[in-house]
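Q: one predicted model, sequence on top.
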Amino acid sequence: MAFGFLDPGLIAFAAVAAAVPLVAHLIARTRPPEKRFPTVEFLRRANRRVWRLRRPRDLLLLALRTLALVLLGLAFLRPHWLTNTNASGSGDAKHLVLLVDRSGSMGAISEGQSCFSLARARAVDALRGAGKLDSVNLIWIDAVPDAVFPDMGRATAALESALNEATVSGENGDAAAAVKLAIDRLESLDGVRELIVVSDFQSESWSGPLPSIPDTIRPLLVPVGNPAPNLSLSNLELESATLLAGEPIRVIGKVRNHGDERRTVRVALTVDDDRIVREVAAAPRGESAFFAEIPAPSDRTEFLVKASIEGSDDALMADDDRWIVGRVREPLRVGLGLEDDSVTDIERELWSRLLRSFAWTREVDDIDRAELVVAAGNSAVLAERIQTLLAKGAGVLYRPTPAGGAPEPLDLFSPLDPKQGAWESRAPGESGWTMRIPADREDDPIFRLFTGGEYGNPAAGSTRQRWRLTEAADDSGTLLAYEDGMPALWKQSSESGHLWWWNLPINPSQSTWAQQPAFLPLVGEVILQSRPGEGIPAHFEVTPGLPATWEPTVFPEGGETVLLDSEGNDIPLTEDGTSLGALAYRTELPLQPGSYRWALRDVALEREIVLAHTTVNFPLSEMNLERADAASLEAWTEARLAGNENGIDWTRLRDGRPLWPWLAGLALCLLAVEAAILFRASRREEATPTVATRT
Amino acid sequence: MSNEPSEAVRSPRYLRPEDVRQLRAMAFSPRMMVEGALTGKHRSRQRGASTEFHEFRAYAPGDPPGMVDWRAFARSDRLYLRTYELETHLECHLFLDSSGSMDFRDDGPSKLEWASHFAACLAYLVTLRQDRISMTLFDRKPREFLPPGSTQGHLRQLLNLLETNQARGETGLAQALDLSLPLLKRRGTVIVISDFLTEPAETFRAISAYTHRGFRVFLFQVLTREELELPGDAPRRYVDLESSRSLVAHPASVRAAYREEIAAHQSALRHFSLQRGIELVQAVTDQPWIAHLRHLTFQTA
């Protein structure tokens, strides 16, 4: 154990300050006035006697005063009692690693300033209060934790500068990786090692498994900010990121309420100049979804959808916005693969007219190029073609016919097994088979359009012909079923494509269902659901903290390719090539949450043509501002969490017990004793005998 | 011849007219027998021609045969001398301390001024009854000696001596008394006016020589209030008036001990004077000197 001084620089100052009055006293000492007196010898004897009697008392007073002044002086130097585990003031080498959280949640406002501002201030205080350090480093807690110095350094000024210049990253915080990095830096060093973590200790980042801290490293956790209820836009997605021309943008979003009170907010969805507002009621600690349909842009370009929570007025604003990128593609290529004699001419004509009736479809003659094929027939050739189409990711809508329920010899409809069945019909005088939507399929996307009743009932009407399965069908893929359970519309989706079992005649003589208002919209939905899956380009959405890369499909000519943020500021780019030799652009730095646009800048014409969009959305893990359980954190570090007050006494936190209050108190006690002695002496002097004179 | 002092005598500094008016109502009476060369109104221990019978004593060879009482011889067949008390003039010997310490003053007169007033008044009283007075000014040794006299001229001479006297030099009371003893031819009253800031034992050793020779000794100690009480709070450098030695002291701190020292000194003086039957009067300069004269006088009016 030893003493340490929080302000060792004050020692020199105190010495100079103490010397000034002494020197002034010696220089400007005033001689007492001279008095010519006849009884100096008596005075001398009295003085000698007084000194003999008073010297012990004066020495005691001198000792008391000196000690009191020394103690007061020491108190101003703020000494602290150091134990073996204390970092400051010990004779060993001292190493410090600061872990400062700059993840997205640190952007939350607490007491008028961001948590990150508080963290920076705490970190600077910690650096300044660390005393003399043999080595020090600063590690940022973000998606990819990194240290300011590659190895441990000594320049605290550089770290202060880094702290002052840093901003919130908007990334998720990988606390475990940051702690591990800090331990790696400290473990190889000798001496006193200290790890100070300044963070909001947001629950999702700090609740996971964290690397255990060796006993040789003294951790100190300094929380900043106060946990506050937060409302966040937790999800925004397009029903289809690749729209067909004329297809509306269907946006699905979610608002998450992290508070204990029910909140109703407005969410504004913006695409170009179109703006739609949805009111969302978010249950306490729950998530509420919203849906909106926005007219799609007419041209075949990428478009950006922005959703914003309006008037959330919560602590963290960065998670109130979310973006998503979509694009408009060419019309879906559809074709008829109806074998001869498989369907009537009327039905063939009806199918042809149906496929041409939508703006986003274009009928092609060669079904091998089609992305959706309406097929009927039992030949092996058809079966092979269907298999090829499905393998390419195309959709196949198979229409069973009286000749058979499925093409031979492939078993495409397992587990439906339509081969085991028979064609059945009802006479015109008889009532047809009616249908229903299975209870568990009412929420299927194909029926979403009909939830408002505006487009009718897709199960209304009846049919007079159908393929009847011999065995009870596995209804897991059944979207429409006859009353007796026979599947009317069955769908099997796989990564390669969509296969439909269309057990629904559309010939008016055989079906009233096809005459219902919901018929055409349902066919449209089936076509949209059958579009082949398309990969989402990598540049559409980038994880916060990672650089963005854009591979233009067409070489951008006629200007300079730039990346602009929402404010129009240029983001530094490097031109790069992919492994396949294609042109690619890459950002030099990780991107922070926001929307960015890739553009071709024509300097001569002073215009920028937007070519693509990139979005960086706020990480979900940073939205909940609740603090991790203090008990678990303390159990992890085996140290108490520091207080979250405005001014932290770093010495108390880091270096044990402060001695200055005791010193000041002791000095006051000594002064009180001195005053008591003086008071008693003055009482005695008041009782001084007087010399009697005789007259 | 009138016994009234002339105007020229009254005007001096230490004998003011108002003092003289008070002194006229007094008569010097040291309450003892005196030895004088002239026949006067004071009784003398010296046997001589007088009408006042004293005693018979046996004849010793050398005694004047005229003093033998032949009637007693006839009755007893032994030679006896018949002795008579001799009436003579009073002789007063004044010793005035003029050392440097007597120059000290507080708010009032200096000790020497106070003592000079006292001496002047005393001299006036003595000469008023045609008695003789001598005066010795001393410091470490007799500095001035005015032989006994009783005339107005002698008084004037004494007053002039007082006026020209200045306090200086170190005190040597015992030494001065030792040296002054041979100067006194006739026994009488010795009045020593001093601050007596010397060692009491040594002082009384010197005084004892006078008492052994039949002198009646009066000691008048003159001190100032400041010497007795050491007032003030601020520290001062105290410089000795005689030796010029200095000492820095804080009056508030040493006052008690100082007063005890002074009290012990005064007590020692009183002890020695009581032991030797010597009257000691301790006066302070803020007290009127006339009041202290009453120790030596009786009222005539």
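A: Happy to help now that I have it.

Q: ok, now which ones touch residue B:14?
A: Listed by CB atoms under 8 Å, 6 or more residues apart in numbering or on different chains, the contact partners of residue B:14 are B:113, B:116, B:117, B:119, B:120, B:121, B:159, B:162, B:163. (Glycine included, C-beta is placed from N, CA and C.)

Q: leaving out the residues flanking it, which one is nearest to it?
A: residue B:120 (3.7 Å; CB to CB, 6 or more residues apart in numbering or on different chains).

Q: picking that back up, from the contacts of residue B:14, pick the one nearest residue A:658.
A: residue B:113 (69.8 Å; CB to CB).

Q: which residue is the nearest non-sequential neighbour of the closest one?
A: Residue nearest to residue B:113 in three dimensions, not counting chain neighbours: residue B:105, with 7.4 Å by CB to CB, 6+ apart.

Q: quick one: pLDDT of the residue nearest the centre of chain A?
A: Central residue of chain A (CA atoms, centre = their mean): residue A:619, 2.8 Å from the mean position. Residue A:619 carries a pLDDT value of 91.

Q: please list all residues in contact with it.
A: By CB under 8 Å, 6+ apart, the contact set of residue A:619 is A:103, A:104, A:143, A:170, A:171, A:172, A:543, A:544.

Q: ok, now which ones touch the closest residue to residue B:289 other than its chain neighbours?
A: Using CB to CB, 6+ apart and skipping residues adjacent in sequence, the residue nearest residue B:289 is residue B:118, 4.2 Å away. By CB under 8 Å, 6+ apart, the contact set of residue B:118 is B:193, B:220, B:222, B:283, B:289, B:292, B:293.

Q: any idea where the helices of the chain begin and end?
A: In the absence of a named chain, chain A is used. All helices of chain A, identified by DSSP state H, fall at A:9-27, A:40-76, A:115-128, A:156-165, A:175-187, A:203-206, A:345-356, A:380-391, A:519-529, A:630-637, A:650-655, A:660-686.

Q: that answer is for a different chain, and I need it for chain B
A: Going by DSSP H, chain B shows helices at B:7-10, B:17-23, B:70-76, B:111-128, B:152-164, B:173-180, B:200-212, B:225-229, B:251-275, B:289-293.

Q: per-residue confidence for the nearest residue to residue A:53 once chain neighbours are set aside?
A: Nearest non-adjacent residue to residue A:53, counting by CB to CB, 6+ apart: residue B:257, 7.5 Å away. On the pLDDT scale, residue B:257 is placed at 88.

Q: ok, now residue A:345?
A: pLDDT, read off for residue A:345, is 87.

Q: point out where the stretch 101-250 of chain B drops to low pLDDT.
A: Within the stretch 101-250 of chain B, no stretch has pLDDT under 70.

Q: give me the number of residues near the closest residue to chain B within the stretch 251-400 of chain A?
A: Distances between the stretch 251-400 of chain A and chain B by CB to the nearest CB are smallest at residue A:315, namely 68.1 Å. Counted with other CB atoms under 10 Å in any protein chain shown, residues neighbouring residue A:315 total 21.

Q: wait, what's in contact with it?
A: A:108, A:109, A:110, A:228, A:229, A:230, A:625 are the contacts of residue A:315 under CB under 8 Å, 6+ apart.

Q: hmm, residue A:314 and the fifth one touching each other?
A: This means residue A:229. Yes - using CB atoms under 8 Å, residue A:229 is in contact with residue A:314, at 6.7 Å.

Q: quick check: bridge partners of the residue lying closest to residue A:397 once chain neighbours are set aside?
A: For residue A:397, ignoring the flanking residues on the chain, the nearest one in space by CB to CB, 6+ apart is residue A:500 at 4.3 Å. Note on residue A:500: beta-bridge partners residue A:397, residue A:491, judged by DSSP bridges.

Q: tell me the contacts of residue A:500?
A: Residue A:500 sits next to A:395, A:396, A:397, A:398, A:489, A:490, A:491, A:526, A:530 when contact means CB under 8 Å, 6+ apart.

Q: ok, now how distant is it from residue A:493?
A: Per CB to CB, to the nearest Å, residue A:500 is found 10 Å from residue A:493.

Q: tell me how many other residues crowd residue A:157.
A: Neighbour number of residue A:157 under other CB under 10 Å is 9.

Q: give me the pLDDT value at it.
A: Looking at residue A:157, the pLDDT reads 89.

Q: how does the chain divide into domains?
A: This is for chain A. As given by automatic domain parsing, the domain ranges for chain A are A:2-82+A:659-686, A:94-228+A:625-655, A:236-246+A:267-329, A:332-529, A:549-616.

Q: my question was about chain B, not that one.
A: B:7-32+B:90-299, B:42-88.

Q: pick the most deeply packed of those domains.
A: For those, the largest average neighbour count (mean count of other CB atoms under 10 Å in any protein chain shown) is found in domain B:7-32+B:90-299, namely a mean of 19.

Q: do you know how far residue A:315 is from residue A:259?
A: Residue A:315 sits 10 Å away from residue A:259 when distances are taken as CB to CB.

Q: where do the contact lists of the two overlap?
A: Shared contacts of residue A:315 and residue A:259, counting by CB under 8 Å, 6+ apart, come down to A:229, A:230.

Q: report the contact partners of the nearest residue in space to residue A:457 that is not next to it in sequence.
A: The shortest distance from residue A:457 to any non-neighbouring residue, by CB to CB, 6+ apart, is to residue A:518 (5.6 Å). Contact partners of residue A:518, counting by CB under 8 Å, 6+ apart, are A:450, A:455, A:456, A:457, A:458, A:460.

Q: same deal with residue B:81?
A: Applying CB under 8 Å, 6+ apart, the residues near residue B:81 are B:56, B:57, B:58, B:59, B:63, B:67, B:68, B:69.
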